[in-house]
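Peer 1: Generate coordinates for the sequence data below:
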Amino acid sequence: AWLRCLMGQYIKFEEATANALTYTCNQMKLDCDEGSAMRLTEEYLRLKPFPEVRGALRALRQRGMRLAILSNGSTETIHDVVHNSGVEGEFEHLISVDSARAYKPHPLAYELGEEAFGISRESIL
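Peer 2: I've put the predicted structure just below:
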């Protein structure tokens, strides 16, 4: 994904991830048909957070921290993962790099966080 970004050939992260999975399986000489690849990538949407995550997020918010997710994933993927993780409502913003068409760590990706909160990058952790 990062190399595509450097070359100005942006594709959605989910497509880049599927391409990487296919490439890796081929290199490792593992069978990975389209159905297997689809099931594996769909499992990502059902990842569960560590048990302490929900409490930690709430504690940060109670201390006045403004929280967001800035992800290389698409907006749809971010929303699905947050919903399936049970952390809905814990974040002020769910930000996808799709609108910048640049993956982290490209500066354009991080500018999205600045824009969402209306603050400088020096104020963002």
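Peer 1: Identify each buried residue in the helix or strand in which Thr41 is found, please.
Peer 2: In this assignment (DSSP states H and E), Thr41 forms part of helix 34-44. Within helix 34-44, the residues scored as buried using 16 or more other CB atoms under 10 Å are Ala37. All C-beta spots, glycine's among them, are computed from the backbone N, C-alpha and C.
Peer 1: Could you list every helix and strand that it packs against?
Peer 2: Contacts defined by 3 or more CB pairs under 8 Å, 6 or more residues apart in numbering; DSSP states H and E place helix 34-44 against helix 13-27.
Peer 1: now what about the helix it packs on, what contacts it?
Peer 2: Applying CB atoms under 8 Å, 6 or more residues apart in numbering, the contact partners of helix 13-27 are 1, 4, 30-32, 37, 40-41, 44, 71-74, 77, 97, 103.
Peer 1: can we see that at 6 Å?
Peer 2: 1, 32, 37, 41, 72-73 (CB atoms under 6 Å, 6 or more residues apart in numbering).
Peer 1: Grab the nearest non-local neighbour of Asp98.
Peer 2: In space, and not counting its chain neighbours, Asp98 is closest to Ser74: 5.8 Å by CB to CB, 6 or more residues apart in numbering.
Peer 1: what's around the one you found, how many residues?
Peer 2: A count of nearby residues for Ser74, using other CB atoms under 10 Å, gives 16.
Peer 1: what's the distance between it and Leu67?
Peer 2: 20 Å (CB to CB, to the nearest Å).
Peer 1: again, but for Met28
Peer 2: Using CB to CB, one gets 37 Å for the distance from Met28 to Leu67.
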